[in-house]
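1. Pasting the sequence and the predicted model now:
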Number of protein chains: 2
Amino acid sequence: MEKIMLSLSGGLDSAVLLNTAIYEKKNPTAVSFIYPSKHNEYERAAAVSICNYYSLELHSVNITSVLASFKSNLLKGQGDIPEGHYEDKSMSQTVIPARNMIFISILTGLAESNDAKEVWLGVHSGDHLIYPDCRPEFIENMNLAVGKATDKNIRLKAPFLNWNKTDIIAQGLLLDFPFHLTRTCYKNQPIACGKCGSCVERLEAFKANGIKDVIKYEE
Amino acid sequence: MEKIMLSLSGGLDSAVLLNTAIYEKKNPTAVSFIYPSKHNEYERAAAVSICNYYSLELHSVNITSVLASFKSNLLKGQGDIPEGHYEDKSMSQTVIPARNMIFISILTGLAESNDAKEVWLGVHSGDHLIYPDCRPEFIENMNLAVGKATDKNIRLKAPFLNWNKTDIIAQGLLLDFPFHLTRTCYKNQPIACGKCGSCVERLEAFKANGIKDVIKYEE
């Protein structure tokens, strides 16, 4: 049977990707990274709920010590999460340098150790402007590096690479995906703020699909 | 001032690389990875001694939890370290899948966070046959991925990529490098075994340079 390693954050994109992989019978192992982002505990809880929903085990990897001296406003104890649009310049404060590259490398090692042939990541076109390691030119080069790093020629796939958030929600609607289980807000609070770039992009994408988001937002 | 991130294992190759970087005034930050390889505590102690010798701080990153479900005889609790030549087929049991890829990704994030322009790795031609993520085709593709993953276009360099162990020892002799501080043996014992692939390659390379290794070996 086919087998893939899939990075599941608990956000909407990777969760719809997991649903897609299940639909395509890829036999995904969902991997969640534990690290001190401001929203990690809410995102992690979402990843757990999503895995429970699909009766999948969640494989967790703690990289807290790895990121100990990384600079990013996404991390606890560092600057504030900016408000505004997801593609605003200020959102670059939320970059964790090489985070996806680190995720992909670890997933590649896990794939090689556990006989999975592919590594899947839920990056999308909305990520390209601000996050270098979400761009097509990174994914292409990283796919070549992943193949060469392994004896089993593992492949890196980002099926939503050129989709926008609206497309991903449309895909979720097609698959009857449980959107209420996901966590998108970057802030350290249980209820989504509705104002950070991540919330704003999500709200716009639900609107573009002609439906109302099912999660609660702060008044 | 220039600044680079350099992976220092405590083995001979990365230690001579550190000496080279200091000689070339690259202002290296030495980064050592903590993980449960059978020889990690001896290798780590060597990395500490080497940094003390050069009055450098050693930056440590613990990836024990990252490698928790990786398969490799190099890791504690898994199969035995094979004896024989470093390029024997049996040495593939000591591969930790994508280990260098994980190291490079973390070093890239550290470089971007700390204004370093390059990531240096001490891989050499003797590593190519057994370890996929030490081969030129991996290093070339990974260098492209590292550049694309970062806003500051960080570079990956492996100055010893096409050198063999004999060349590296010759370089160390030129630089008056303290070989007695290094740890090469893969086994979980304080004195080098002299029989594992790693010891055998080292002994041959000292012999090829017409000198006797300065460290102690088991009788």
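-> Cool, got the structure. Numbering: from 1, shown residues only, chains lettered A, B, ... in the order given.

2. Please count neighbours and contacts with C-alpha atoms only from this point.
-> Fine.

3. Near chain B, which residues of chain A? Just list them.
-> A:61-63, A:65-66, A:69-71, A:96-99, A:101-102, A:105-106, A:108-110, A:112-114, A:132-134, A:137-139, A:141-142, A:144-145, A:148-151 (Cα under 8 Å from any Cα of the partner chain).

4. And A:T29, how close does it get to chain B?
-> Using Cα to the nearest Cα, to the nearest Å, we find A:T29 at a distance of 13 Å from chain B.

5. my bad, A:H124
-> According to Cα to the nearest Cα, A:H124 and chain B sit 15 Å apart.

6. and that residue, what does it touch?
-> Listed by Cα atoms under 8 Å, 6 or more residues apart in numbering or on different chains, the contact set of A:H124 reads A:D13, A:C134, A:F160, A:L161, A:N162, A:W163, A:N164, A:K165.

7. and if we set it to 6 Å?
-> The contact partners of A:H124, taken as Cα atoms under 6 Å, 6 or more residues apart in numbering or on different chains, are A:F160, A:L161, A:N162, A:W163, A:N164.

8. now do A:P97
-> Taking Cα under 6 Å, 6+ apart, we find A:P97 in contact with B:G109.

9. Shouldn't it be within a strand?
-> No: counting by DSSP: H, G, I helix; E, B strand; the rest coil, A:P97 is not found in a strand; it is coil.

10. which secondary structure element contains A:A30?
-> Secondary-structure assignment from DSSP states H and E places A:A30 in strand A:28-34.

11. So A:E2 versus chain B, what's the distance?
-> Taken as Cα to the nearest Cα, the span from A:E2 to chain B is 19 Å.

12. Now the residue located most distally from the centre of chain A: phi and psi?
-> Distance from the centre of chain A peaks at A:D151, with 26.8 Å (Cα atoms, centre = their mean). Note on A:D151: backbone dihedrals following degrees, to the nearest 10 are phi -70, psi -30.

13. and it, how far is that from B:M101?
-> For A:D151, the distance to B:M101 equals 13 Å [Cα to Cα, to the nearest Å].

14. Now, of the residues of chain A next to chain B, which are buried?
-> A:61-63, A:65-66, A:70-71, A:96-99, A:101-102, A:105-106, A:108-110, A:112-114, A:132-134, A:137-139, A:141-142, A:144-145, A:148-150 (16 or more other Cα atoms under 10 Å in any protein chain shown).

15. Now go through those residues and say which are in helices.
-> Secondary structure from DSSP state H places A:99, A:101-102, A:105-106, A:108-110, A:112-113, A:137-139, A:141-142, A:144-145, A:148-149 of those in helices.

16. Got the confidence number for A:M1?
-> With respect to pLDDT, A:M1 scores 81.

17. That one and B:R183: what is the separation?
-> According to Cα to Cα, A:M1 and B:R183 sit 43 Å apart.

18. more crowded one of those two?
-> Neighbours per residue (other Cα atoms under 10 Å in any protein chain shown) separate A:M1 from B:R183, with B:R183 holding more: 25 against 6.

19. got the residue ranges for the helices in chain A?
-> Ranges of helices in chain A, per DSSP H, are A:12-23, A:40-53, A:99-113, A:136-149, A:165-174, A:197-208.

20. Quick check: which of those is buried the most?
-> Burial of those is given as mean neighbour count (mean count of other Cα atoms under 10 Å in any protein chain shown); helix A:99-113 ranks first at a mean of 25.

21. Next, the angle from that one to helix B:99-113.
-> Angle of helix A:99-113 versus helix B:99-113, following axes from the mean of the first three to the mean of the last three Cα atoms, to 10 degrees, is 170 degrees.

22. Which elements pack onto helix A:99-113?
-> Helix A:99-113 is packed against helix B:99-113, with contacts defined by 3 or more Cα pairs under 6 Å, 6 or more residues apart in numbering or on different chains; DSSP states H and E.
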